[in-house]
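Chemist: One predicted model, sequence on top.
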Amino acid sequence: MNTTLNQIPETEPQRQFYYMNLAKELLSKKEKELGRKLTFHVTTFGCQMNARDSEKLVGILESIGYEESDEEDSDFVIYNTCTVRDNANQKVYGRLGYLNGFKKKNPEMKIALCGCMMQEESVIEKIKKSYSFVDLIFGTHNIYKFAELVCRMLTSKKMVIDVWQSTDKIVEELPTERKYAFKSGVNIMFGCNNFCSYCIVPYVRGRERSRQPKDIIKEIETLVCDGVVEVMLLGQNVNSYGKNLEEPVTFSELLEEVCKIEGLQRVRFMTSHPKDLSDDLIRVMKENKKICRHMHLPLQSGSSRLLQDMNRHYDKEKYLSLVAKLREAMPDIAITTDIIVGYPEETEEDFLETMDVAEKVEFNSAFTFIYSPRTGTPAAEKKQIPEEITKDRFQRLLRVVQEKGQKKTAEMTGNVEEVLVEQVNEHDDTLVTGRCDNNTLVHFKGDASLIGQIVSVKLTECKGFYFMGELV
Ligand code: 5AD
Ligand code: SF4
């Protein structure tokens, strides 16, 4: 294709298809010069949303003509970053130093940084100053422009930086690549409006924007035609899906529509906010066997006083009553959670309330986090808890969640469960690994031909948080 400046389309996604073609030309010229293919590697930090964004990056890179490599000494390395806790940022800085070593050996190497961390001004300043070998920086709002940014990077000698403060745009129909052939994440909304006092997400991901139901359904139908049997509907707070659409739709209405898609066998979703979890959602889950028996319901704290300070809009009793309702409707449902320890001004009494909820609920599993102050959030301005106290509480909580998680998991021993086989076991290739409907992992004898299939497996031996099983 002969691309000249005056042909650049202004509308999306056509504009990005134009740049994909241009990048393809630039790349094949480079490949001819070097006499070899050019490779890329995407490293993802953080949550499922980032993992899905990375699949979009991979889709575009492959359509441009780069070849994926498992190694970080590729010609183009992209770090899709997370900034929800400071240790995520530190990891990126640490690994950048190591990448620079590769770059010194390979003058063709390009390095791009994107994702949540790039939405912070202080981060950009630090990279400009201390990591000037980075070639491209972009944020969370303009990831759809990746092809265009790659063209700018390939034709510029200077660091290209394009970070937007916000957007109301959702660009559909760009190519994506999937990590697994049989399952896929599907964004149903972007951003978050909740402003929990500790959380940086609303600042780096922007205001809540829901995709149109017809676009979501169309994407899932296409995925199913392509062999996908399980989808994970993704959003920071899926329970408030659709509220900002011109014709409002609820999350449970969307779920009912998704369940009608023929050939789709399993539907998961993440993350639910307790304040917006409706009775209607519980009813729809109960009535639709395609919806997996798993609810990830972040607690954050068991102290009603702290929950109020965190701006969570529920209290301990409300949370416990939601759990009771879910279990009453679906006795086999797995409930998992996120908990923060050491939130500013957390007293021993507050912490004991959290322990009490963990004891009472018996989560199947819980992600426990030490509070990490994030600049610009209200909680970061408050008096922080000494580290020794936080660490001690963290260990105490970990003991309870592990003990209860193992107890809850063991209750499934002897069950015959439907298991979606995901991969050959990483440590023993006579075994395959799959997930039960409620997300519990199970390993059993089998080979690669089972991957992507849903099979019946007897859970014979509980190994803490996972099972050994037998195909039945
Ligand atoms: N410090 C520690 N944990 C946090 N989370 C969000 N912000 C912070 C923070 N500043 C946790 C919450 C959330 C999960 C994704 O990360 O528990 O649910
Ligand atoms: Fe952060 Fe709260 Fe939004 Fe979750 S709901 S992303 S914790 S602000």
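Modeler: Noted; the coordinates are in hand. Ligands and ions are numbered 1, 2, ... in the order given.

Chemist: could you say what helices and strands the strand or helix carrying Met232 packs with?
Modeler: Met232 is part of strand 230-234 when elements are defined by DSSP states H and E. When contacts are defined as 3 or more Cβ pairs under 8 Å, 6 or more residues apart in numbering; DSSP states H and E, strand 230-234 packs onto helix 48-64, strand 183-187, helix 213-225, helix 251-259, strand 266-270. In short, each C-beta sits where N, CA and C put it, glycine included.

Chemist: longest helix anywhere in this protein?
Modeler: If you go by DSSP state H, the chain has its longest helix at helix 387-410.

Chemist: and the helix or strand following that helix with strand 266-270, angle?
Modeler: Beyond helix 387-410 in the direction of the C-terminus, DSSP H and E gives the next helix or strand as strand 416-424. Going by axes from the mean of the first three to the mean of the last three Cα atoms, to 10 degrees, strand 416-424 is angled at 70 degrees with respect to strand 266-270.

Chemist: Buried by neighbour count: which residues of strand 416-424 qualify?
Modeler: Glu417, Glu418, Val419, Leu420, Val421, Glu422, Val424 (16 or more other Cβ atoms under 10 Å).

Chemist: on that earlier part again, pLDDT on the longest helix of the chain, on average?
Modeler: Helix 387-410 carries an average pLDDT of 97.

Chemist: packing partners for that helix?
Modeler: Looks like helix 387-410 contacts strand 334-341, helix 348-361, strand 365-370, strand 454-462 (3+ Cβ pairs under 8 Å, 6+ apart).

Chemist: Let me know which of these is tucked in deepest.
Modeler: With neighbours taken as mean count of other Cβ atoms under 10 Å, the helices and strands packed on helix 387-410 reach their highest mean count in strand 334-341, at a mean of 22.

Chemist: can you tell me if that strand touches ligand 1.
Modeler: Yes: residues of strand 334-341 contacting ligand 1 under Cβ under 6 Å from any ligand atom: Asp338, Ile340.

Chemist: Which elements pack onto that strand?
Modeler: The contact analysis (3+ Cβ pairs under 8 Å, 6+ apart) places strand 334-341 against strand 294-296, helix 316-329, helix 348-361, strand 365-370, helix 387-410.

Chemist: Take those and write them to a markdown table, including distance to ligand 1.
Modeler: What follows is these, written out as a markdown table (distance: least, Cβ to the nearest ligand atom, whole Å):
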| stretch | distance to ligand 1 |
| --- | --- |
| strand 294-296 | 9 |
| helix 316-329 | 13 |
| helix 348-361 | 12 |
| strand 365-370 | 4 |
| helix 387-410 | 11 |
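
Chemist: on that earlier part again, export the buried residues of strand 416-424 to a markdown table and tack on distance to ligand 2?
Modeler: Converted to a markdown table, the buried residues of strand 416-424 look like this (distance: Cβ to the nearest ligand atom, whole Å):
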| residue | distance to ligand 2 |
| --- | --- |
| Glu417 | 30 |
| Glu418 | 30 |
| Val419 | 30 |
| Leu420 | 27 |
| Val421 | 32 |
| Glu422 | 27 |
| Val424 | 35 |
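
Chemist: returning to that earlier point: which of the helices and strands packed on helix 387-410 sits closest to Ala112?
Modeler: Nearest to Ala112, of all the helices and strands packed on helix 387-410, is strand 365-370, at 27.9 Å by Cβ to Cβ.

Chemist: Show me what the closest one is packed against.
Modeler: strand 334-341, helix 387-410.

Chemist: Okay, buried residues for the last one please.
Modeler: Which is helix 387-410. Thr390, Arg393, Phe394, Leu397, Val400, Val401, Lys404, Gly405, Lys408, Thr409.

Chemist: okay if I get those as TSV plus distance to Cys151?
Modeler: Putting the buried residues of helix 387-410 into TSV (distance: Cβ to Cβ, whole Å) gives the following:
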residue	distance to Cys151
Thr390	47
Arg393	50
Phe394	46
Leu397	49
Val400	53
Val401	48
Lys404	52
Gly405	48
Lys408	51
Thr409	50
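
Chemist: Please name the residues that touch Phe102.
Modeler: Phe102 makes contact with Glu72, Asp73, Val77, Met109, according to Cβ atoms under 8 Å, 6 or more residues apart in numbering.
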